[in-house]
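**Q** let's see this in three dimensions:
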Amino acid sequence: MKKIAVVEDNPDNRLLVRVMLEGFYDVTAYETGVEALGGFKRQKPDLILLDISLPQMDGTEVLRRLRADSGLRGIPVIALTAHAMAGDREKYLGAGFNDYIAKPILDGNLFLTAIERALPGAAA
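**A** Numbering: from 1, shown residues only. Down below sits the predicted model:
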């Protein structure tokens, strides 16, 4: 089963994502970017769902550090964010995210499709 890491400081959002992915993927959740970066060294995920607004270190800095790490740089990272103004999608794709999903997640099928695109051969 493919491993997905969710980096999200809001417990309700972490729970929602876990419930949506349960049964399809092995999900590990992290509350902060600092915690996540440490966790990724111990258990490398196949895909990361990364919030932008996080305490201690924002999602773009987490992404920058991932891309600078030779052992982690190839992991697909999807921005999962409430930053949903005009131009935000392009901004985050330009920053190096593989895809972008706005919160709240209104369409579970679109959410799973984005994951499938990033994970060829995934179970969902």
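
**Q** enumerate every residue touching the residue of the chain most remote from its centre.
**A** Going by C-alpha atoms, centre = their mean, the residue of the chain most distant from its centre is A86, 20.7 Å out. By C-beta atoms under 8 Å, 6 or more residues apart in numbering, the contact set of A86 is empty. Just so you know, the C-beta spots here come from the backbone N, C-alpha and C atoms, and that holds for glycine as well.

**Q** and it, how far is that from D107?
**A** 19 Å (C-beta to C-beta, to the nearest Å).

**Q** neighbours around I78, how many?
**A** 21 (other C-beta atoms under 10 Å).

**Q** so who does it touch?
**A** So I78 contacts L47, I48, L49, L50, F97, N98, D99, Y100, I101, A114, I115, A118 (C-beta under 8 Å, 6+ apart).

**Q** what strands line up against the helix or strand harbouring it, and which way round?
**A** Secondary structure assigned from DSSP states H and E places I78 in strand 77-81. Take DSSP bridges as the rule and strand 77-81 pairs in its sheet with strand 47-50 (parallel), strand 99-102 (parallel).

**Q** hey, what's the spatially most central residue of the chain bridged with?
**A** In the chain, the C-alpha nearest the mean C-alpha coordinate belongs to L49, at 0.9 Å (C-alpha atoms, centre = their mean). L49 has these beta-bridge partners by DSSP bridges: V6, I78.

**Q** G71 touches R42, doesn't it?
**A** No. Using C-beta atoms under 8 Å, G71 makes no contact with R42, being 11.6 Å away.

**Q** out of the two, which sits in the more crowded spot?
**A** Shown here are G71 and R42; by other C-beta under 10 Å, G71 has more neighbours (10 against 7).

**Q** pretty sure E61 contacts G33?
**A** Yes. The pair E61 / G33 is scored as a contact, 6.7 Å apart, by C-beta under 8 Å.
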